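Trainee: how does the following fold in three dimensions:
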Amino acid sequence: MINSAPSPVSTRKPSKVEGLKENSNFLREPVATEILQDTTHFSEDAIQILKFHGSYQQDNRDNRVKGQEKDYQMMLRTKNPGGLVPPQLYLALDKLADEYGNHTLRATTRQGFQLHGILKKNLKAAIATIVKNLGSTLGACGDINRNVMAPPAPFKNRSEYQYAWEYAQNIADLLSPQTGAYYEIWLDGEKAISAEEHPDVKAARQKNGTGTIFHDSVEPIYGTHYMPRKFKVCVTVPGDNSVDLYSQDLTLVVMTNKKGELQGFNVFAGGGLGRTHNKEETFARLADPICYVAKDDVYDIVKAIVATQRDYGDRTDRRHARLKYLINDWGVEKFRSKVEEYFGKAVEPFKQLPKFKYQDFLGWNEQGDGKLFLGISIDNGRVKDEGSFQLKTALRTIVAQFNLPIRLTPNQNLIFYDIAPEDQEAIQEILDKCGIIADPSQIAALTRYAMACPALPTCGLAITESERAIPGILERIRTLLDQVGLQKDHFVVRMTGCPNGCARPYMAELGFVGSAPESYQVWLGGSPDQTRLAQPIIEKLHHNDIESFLEPIFVFFKKSRKGKESFGDFCDRIGFDAIREFSATYTPGEPTSSGKSRHRVSLRDDVYSQLKETAEKLNKPMTELVHEALDKYFQSL
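Mentor: All right, here's what the predicted structure looks like:
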């Protein structure tokens, strides 16, 4: 029997990973043994346990040679509740990227950083450096609570935002693994200096009476087997959906009174986006409203929901192991009833909330206490120096010179805050010198709101390209919108190289999900504010056919939209049957209402790269540069 009370799945044979967790001696083995071995990679069993320590083993698929060993390397992910990255930690990560990694950092969609390209022999030194510089990777991956998210905006005059940060940190502490394995393996047993936990968190970890904890276990909340699968939590404020709250296992919404004093939390549960192609029993799902709890009960409700999933989640079929499937199978009422058993009393009804809106907080902003914050857009989260675009240099220079804290955003961007107004000009000069655009109005809207996962060449699950493909695909979509007369329109585009959905494509207005080499499943109809699921309209679209597929849909949108209706809202309202019917009768390349026909010309990869770099330097669309060059050429004939 696993962990505690009998569950509907406890009589079935657990998955192999459950055995690995049970035999790991609380996350020690076989990692502790294999890290001492002079090998290039870990065993398959060690890889599963290594995830709990914040690392995935990968290989660079671009470097695969038949008959030769894979180009093994480690991806290391940091845990940063609420996206907080102290200046000391940022400078350490920047240095690690150059010393042991691939010279880039990558901001994740859960407000952490990833380091890519670390060799096994350097993994211990990298983790030790992170911990000694006020960071951690513990629990950034694995069957455990992942990084707790919160809105990144540092509004010092809005108490609800401060509460969101505070409780994101406290819940991260509450659900952090208690095993000493992490410090034994990576720091030779040396416990790092860290912020003191809130007394209420310590008390909650020991308080029981309702079956939420194991009294004589190294892991009071998790027990020997931890969670059935990953468990994702966020804390947000009414109206702020910068955190994609409907995609989380557990969401807490800060509720204050008119004086700004904390009263309690609304609770959502059961969101999740991972799925598998051609497995209809796997699906993306939105979180449901569950209840309201007073502030004094918040840790107890978190434990109750975690315990319900811990004890009743499916440990046999890992594809069916997330909380979303438990709630979908049981229904909200049965789930709420079971949570109340662990909670020890009835919960209160969910309180009314305003509509949630997406915000990205880019550009220069007042933070409410006389100081400023600055949101910087990072394409797909990749912090690097490339040509005249010196983002990595700019961020390092700003942190080193002004000692500023950072909040990473759920959209893979970055916010500097607590900026003295007198430092604004100097910071702006650094950005200008490094070719970084600070004014969000100068960033192409499609690019600003887009996200992509890393995919190839490093992610072992990737079916096709994502991060490397999306810049060119966004440019093609932008060109197509111009040609059909939708120059001023933009929408949320997200892309992943596989159906796991790390860049949350199922919440996008237009989502591309890798389904075969060079091909994507296409999802339409999510909302601009990420409050509605998109739906798949085509299972396999080759990237060469994107224009011919989207052109009739865009033309239909232009002809039939209502007022300023967004693209996602239009697709949801009109329905896929109508879209398919219009597309079937549409003549490709026919004149649109703008009077233009679509003609496509392919470019060599090297020419495309040069064109893109020049366009970025001049801050012009690529199509405009092409038209200018061709006009000059034809005039010279």
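
Trainee: on the three-state scheme, the closest residue in space to Leu524 that isn't next to it in sequence is what?
Mentor: Once flanking residues are discounted, Leu524 sits nearest to Cys571: 4.3 Å by C-beta to C-beta, 6 or more residues apart in numbering. For every residue, glycine as well, the C-beta is placed using N, CA and C. Per DSSP: H, G, I helix; E, B strand; the rest coil, the secondary structure class of Cys571 is helix.

Trainee: can you check the one 10 residues further on too?
Mentor: Assigned by three-state DSSP, the conformation of Glu581 is helix.

Trainee: contacting residues around the strand or helix carrying Asn328?
Mentor: Assigned by DSSP states H and E, Asn328 falls within helix 323-330. Around helix 323-330, the neighbours that count as contacts under C-beta atoms under 8 Å, 6 or more residues apart in numbering are 231, 249-250, 269-272, 285, 288, 305, 308-309, 312-314, 335, 338.

Trainee: can you name the next helix or strand after it?
Mentor: Counting by DSSP H and E, what follows helix 323-330 is helix 332-343.

Trainee: check which residues of that following helix are buried.
Mentor: By 16 or more other C-beta atoms under 10 Å, the buried positions in helix 332-343 come out as 335-336, 338-340, 342-343.

Trainee: farthest pair within those residues?
Mentor: Phe335 and Phe343 (12.0 Å; C-beta to C-beta).

Trainee: which of the contacts of helix 323-330 fall in strands?
Mentor: Using DSSP state E, the subset of the contacts of helix 323-330 located in strands is 250, 269, 288.

Trainee: which residues does the residue lying closest to Gly274 once chain neighbours are set aside contact?
Mentor: Leaving aside its sequence neighbours, Gly274 sits nearest to Asn500 (C-beta to C-beta, 6+ apart; 4.8 Å). When contacts are counted by C-beta under 8 Å, 6+ apart, Asn500 touches 273-275, 461.

Trainee: separate out the buried members of the residues you listed.
Mentor: 273-275.

Trainee: nearest to Ala181 among these?
Mentor: Nearest to Ala181 among the buried ones among the contacts of Asn500, with distances taken as C-beta to C-beta, is Gly274, at 26.4 Å.

Trainee: hang on, the closest one in a helix?
Mentor: No: according to three-state DSSP, the state of Gly274 is coil, so it is not within a helix.

Trainee: residues touching it, list them.
Mentor: 282, 284, 322, 499-501.

Trainee: which SS class is Ile290?
Mentor: strand.

Trainee: quick one: distance of stretch 31-48 to the chain centre.
Mentor: Centroid separation for stretch 31-48 versus its chain: 27 Å, with C-alpha atoms, centre = their mean, to the nearest Å.

Trainee: again with stretch 102-119
Mentor: Using C-alpha atoms, centre = their mean, the offset of stretch 102-119 from its chain centre is 12 Å.

Trainee: next one: stretch 149-165
Mentor: Relative to its parent chain, stretch 149-165 has a centroid offset of 19 Å by C-alpha atoms, centre = their mean.

Trainee: now that stretch: buried residues?
Mentor: 149-156, 158-165.

Trainee: the residue positioned nearest the centre of the chain and Asp529, how far apart?
Mentor: Central residue of the chain (C-alpha atoms, centre = their mean): Thr109, 2.0 Å from the mean position. Distance check for Thr109 against Asp529: by C-beta to C-beta, to the nearest Å, it reads 16 Å.

Trainee: assumed Gln263 was part of a strand.
Mentor: Yes: per three-state DSSP, Gln263 lies within a strand segment.

Trainee: which residues touch the residue nearest to it when sequence neighbours are not counted?
Mentor: Leaving out its chain neighbours, the residue that sits closest to Gln263 by C-beta to C-beta, 6+ apart is Met255, at 5.1 Å. Applying C-beta under 8 Å, 6+ apart, one finds that Met255 lies in contact with 238, 262-266, 292, 351.

Trainee: residues near Val148, how many?
Mentor: Using other C-beta atoms under 10 Å, Val148 has 31 neighbouring residues.

Trainee: confirm for me that it is in contact with Phe231.
Mentor: No: using C-beta atoms under 8 Å, Val148 is not in contact with Phe231; the gap is 10.3 Å.

Trainee: what do these two both touch?
Mentor: With C-beta under 8 Å, 6+ apart as the test, Val148 and Phe231 both reach Leu175.

Trainee: show me what secondary structure element comes after the helix or strand harbouring Val513.
Mentor: Using DSSP H and E, Val513 maps to strand 510-516. Using DSSP H and E, the helix or strand that follows strand 510-516 in sequence is strand 519-524.

Trainee: could I get the buried ones among the contacts of Asn500 as CSV with distance to Gln424?
Mentor: What follows is these, written out as CSV (distance: C-beta to C-beta, whole Å):
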residue, distance to Gln424
Leu273, 38
Gly274, 42
Arg275, 45
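
Trainee: could I get these as a markdown table with pLDDT and distance to Gln367?
Mentor: Converted to a markdown table, the buried ones among the contacts of Asn500 look like this (pLDDT from 0 to 100; distance: C-beta to C-beta, whole Å):
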| residue | pLDDT | distance to Gln367 |
| --- | --- | --- |
| Leu273 | 97 | 32 |
| Gly274 | 96 | 35 |
| Arg275 | 97 | 39 |
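
Trainee: show me which of those residues is closest to His41.
Mentor: Among the buried ones among the contacts of Asn500, and counting by C-beta to C-beta, the member closest to His41 is Gly274, at 25.3 Å.

Trainee: Arg310 versus that closest one, what's the distance?
Mentor: For Gly274, the distance to Arg310 - C-beta to C-beta - is 19 Å.

Trainee: related to what we said a few turns ago, farthest pair within the contacts of Asn500?
Mentor: Leu273 and Leu461 (13.9 Å).

Trainee: any idea of the pLDDT on Thr614?
Mentor: In the predicted model, Thr614 carries a pLDDT score of 73.

Trainee: may I see the PyMOL selection of the buried members of the ones in strands among the contacts of helix 323-330?
Mentor: Of the ones in strands among the contacts of helix 323-330, the buried ones can be selected in PyMOL as follows, counting by 16+ other C-beta under 10 Å:
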select buried, resi 250+269+288
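
Trainee: nearest to Ile430, out of the ones in strands among the contacts of helix 323-330: which one, please.
Mentor: Leu250 (39.3 Å).

Trainee: beta partners for that closest one?
Mentor: Leu250 forms beta bridges with Val233, Ala269, as assigned by DSSP bridges.

Trainee: against Ala203, how distant is it?
Mentor: 20 Å.

Trainee: okay, now the unreliable bits of the protein?
Mentor: 1-11, 193, 589-609, 612, 615-627, 630-631, 633-637 (pLDDT under 70).

Trainee: ranges for the helices of the stretch 451-600 of the chain?
Mentor: Secondary structure of the stretch 451-600 of the chain by DSSP state H, counting those that start in this stretch: the helices cover 470-483, 546-560, 567-574, 576-585.
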